[in-house]
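Colleague: Sharing a model that was predicted from the sequence below.
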Amino acid sequence: MKVILNMKLKKFIKSNAIIFSAFLVFTLIIANTAIIVYNNTVLERTTQVQFQTEKAKALVDLIWMEVVKNLDVGVRGFAINKDEGMLIPFKEAIPKFDRILRDLTNVLKDQGFEKPELLQEIKIGVGNFIENEYELLELARVDKMEEFKMLLKEDKGRFLWEVYSKNATIIHQFEDQLYNEAVAEYKAANLRIIYVQIILIIIGLPTLLFMVFIIRKDKKVRRKLFLELEKNNREYLFNPGTRIEITNEKELIDNSIRNYKNAAKFINQISQGNFEVQWEQINEKNREFNKTNLTGELIQMREKMKMLKEDDERRNWTTGGLAKFSEVIRNHQHNLQELCYEVTVFLVKYLGGQQGGFFVLREDEEERSYLELVSCYAFDKKKHIEKRVEIGQGLIGQTYLEQTTAMLTEIPQGYTHITSGLGDETPTCLLVVPMKYNGKVEAVIEIAGFEVFEQYQVEFMERVGEITASTLGAVKNNERTQVLLEQFKSQTEQLKAQEEELRQNMEEMEATQEAIKRQDRIDAQNLKG
């Protein structure tokens, strides 16, 4: 029993030795890495401490070298030469002291300096010294040199030096202590790294040799796996259409990674709305090999999304066009001539055409229907436009009869032409749309251009045709109503005039009868007399 257990244990250790060794090496590497990271942190902190200590020491020294000495030199130089230029160091020293003291205060505060009163003592001492220098300066200005010398002999700079020297020494000692502690911490971190690396070499090197032996033994298996990987890569991801050669395993991995990157880039471009993106490695030679793998599926997805985008753009184009067209109708529905012209201009421009004509159904005096060109856009009116088109005559009249849209892409020479700065040129596409509502055609519009109109544009024209026909019917009814109202108004005024004339005639007849009666009474009286 014990022998069996030992055999199982040996077998288990043998089968998992590389795992245990790798785990051990991995643990040591992690520990080494963690210590290196910690050491870098310590190094950064040490560098920062060194920078701060050097800065603090320099600021402390600048108080005496750049402030106190310049104050004294400026006043002494002025007292000797009476030259205002000698006071430049004096004038610059006072604001410089404020900056130095502020910077030094901030640095010591960041370092946790526990004796801020030392800086206050230096500030007070320098302040007193500045006041003394101002007194010396005023004495020098009024040329009281004896008093100047007496005040100078008091040597108040010596009292400042005692305060400054004592406090500066304490600050320097504090900075030296911070720096020494940081250096000691860095040295300790380096020592820990050395210990861990020695352990890593002692344990890791034999383990790595053992792992190399196992890896070499598994090389054939790995080669087979890479061959399978390349086959799967070509079958499911991308097939360059070349012969499979496993001469460089890294190259195979790089190709696989490159293919995934290309797929990610392709998908990213599509997600950003770029449906013109191409798979860079696709060509005519390998296109056939990439119809059913991921590359082919992504290309098919791109085409489908491109179609969906185009459909959305067309819907938005149609919806926006209908909204703008409705606004045109709403703004000009009270004047037929103006309405027809604005509709023609809008539709020609919105469809990207170059010219258009708007024919409205009319009736002549014999109540025969015909189509009248009431508005046009970019036509040569003198030579190429007829004002009246009979029903069934030409493409316009035939479209009215059949009540169906007609589009010509082969236009006979001379049928119409477009005049521009480049000369006369026959359009390549002609679209004629009947504008009908409730089965009745109210008008026919003709639009010509140099590009073939798409089906969604034709459908848009048919939809606006219904709106226009409905509006034209309403406008025509309004016009007829207005004519009837004018006629009724005219007839009413005529009846009023006739009634007034009749009333005047009656009044005249009554006056004549009254005159006759008076004459009869007079004649009767004369006979009696």
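Modeller: Arrived safely. All values reported here derive from a predicted model rather than from experimental measurement. Residues are numbered from 1 along each chain as shown.

Colleague: Specify the local secondary structure of Gly273.
Modeller: Under DSSP: H, G, I helix; E, B strand; the rest coil, Gly273 falls in the coil class.

Colleague: just the helices in the protein please.
Modeller: 2-62, 69-81, 88-111, 117-141, 145-153, 156-217, 219-232, 249-271, 294-332, 336-350, 381-384, 394-402, 455-528 (DSSP state H).

Colleague: got the buried residues for the fourth one?
Modeller: In terms of neighbour count (16 or more other CB atoms under 10 Å), helix 117-141 has its buried residues at 118-119, 122, 125-126, 129-130, 132-133, 136-137, 139-140. Bear in mind the C-beta positions are built from the backbone N, C-alpha and C, glycine included.

Colleague: what separates Phe90 from Phe148, distance-wise?
Modeller: 15 Å (CB to CB, to the nearest Å).

Colleague: ok, now Glu390?
Modeller: 122 Å.

Colleague: how many neighbours does Ala189 have?
Modeller: Neighbour count for Ala189, taken as other CB atoms under 10 Å: 18.

Colleague: So it sits against Ile35, correct?
Modeller: Yes: taking contacts as CB atoms under 8 Å, Ala189 lies within contact range of Ile35: 7.0 Å.

Colleague: burial measure for Gln519, as a count.
Modeller: The burial count for Gln519: 10, using other CB under 10 Å.

Colleague: With Asn81 instead?
Modeller: Using other CB under 10 Å: Asn81 sits among 10 other residues.

Colleague: got it, and the one 5 residues further on?
Modeller: Applying other CB under 10 Å, we find 17 other residues in the vicinity of Met86.

Colleague: Who are the contact partners of Tyr370?
Modeller: 361-364, 388-391 (CB atoms under 8 Å, 6 or more residues apart in numbering).

Colleague: how does it look with 10 Å?
Modeller: 359-364, 387-391, 393, 397, 400 (CB atoms under 10 Å, 6 or more residues apart in numbering).

Colleague: Buried ones among these?
Modeller: 359-361, 389, 397, 400.

Colleague: From Lys265, how far off is the residue nearest the centre of the chain?
Modeller: By CA atoms, centre = their mean, the chain has its centre lying nearest to Gln272, at 11.9 Å. Gln272 is 11 Å from Lys265, where distance means CB to CB.

Colleague: What of Gln513?
Modeller: Using CB to CB, Gln513 is found at 113 Å from Lys265.

Colleague: do Leu208 as well
Modeller: For Leu208 relative to Lys265 (CB to CB), the value is 38 Å.

Colleague: follow-up on the earlier one: and which of the contacts of Tyr370 is nearest to Glu288?
Modeller: Tyr400 (52.6 Å; CB to CB).

Colleague: Just name the shakiest helix or strand of the chain by mean pLDDT.
Modeller: Least confident helix or strand of the chain, by mean pLDDT, DSSP states H and E, is helix 381-384 with a mean of 43.

Colleague: ok so, going back, what's the residue nearest to the centre of the chain sitting at in phi/psi?
Modeller: When quoted as degrees, to the nearest 10, the phi and psi of Gln272 stand at phi -90, psi 0.

Colleague: Equivalent analysis for the one 10 residues further on, please.
Modeller: For Ile282, the backbone dihedrals are phi -80, psi 130 (criterion: degrees, to the nearest 10).

Colleague: Run a quick neighbour tally on it.
Modeller: 17.

Colleague: Is it in contact with Asn259, as I believe?
Modeller: No: in this structure, Ile282 is not within contact of Asn259 by CB atoms under 10 Å, at 11.6 Å.

Colleague: Between the two, which contacts overlap?
Modeller: 238, 240, 295.

Colleague: will you turn the residues you listed into JSON lines that also has pLDDT?
Modeller: Shown next, in JSON lines, are the shared contacts of Ile282 and Asn259 (pLDDT from 0 to 100):
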{"residue": "Phe238", "pLDDT": "73"}
{"residue": "Pro240", "pLDDT": "71"}
{"residue": "Thr295", "pLDDT": "77"}
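
Colleague: okay, those in CSV with neighbour count and distance to Glu175 next?
Modeller: Formatted as CSV, the shared contacts of Ile282 and Asn259 follow (neighbours: other CB atoms under 10 Å; distance: CB to CB, whole Å):
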residue, neighbour count, distance to Glu175
Phe238, 26, 64
Pro240, 17, 66
Thr295, 24, 66
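
Colleague: separation between Tyr260 and Thr207?
Modeller: Tyr260 is 33 Å from Thr207, by CB to CB.

Colleague: neighbour-wise, which of these two wins?
Modeller: The neighbour comparison of Tyr260 against Thr207 (other CB under 10 Å) goes to Thr207, with 19 against 14.

Colleague: Could you check how far the more buried one is from Thr33?
Modeller: Distance from Thr207 to Thr33, by CB to CB: 17 Å.
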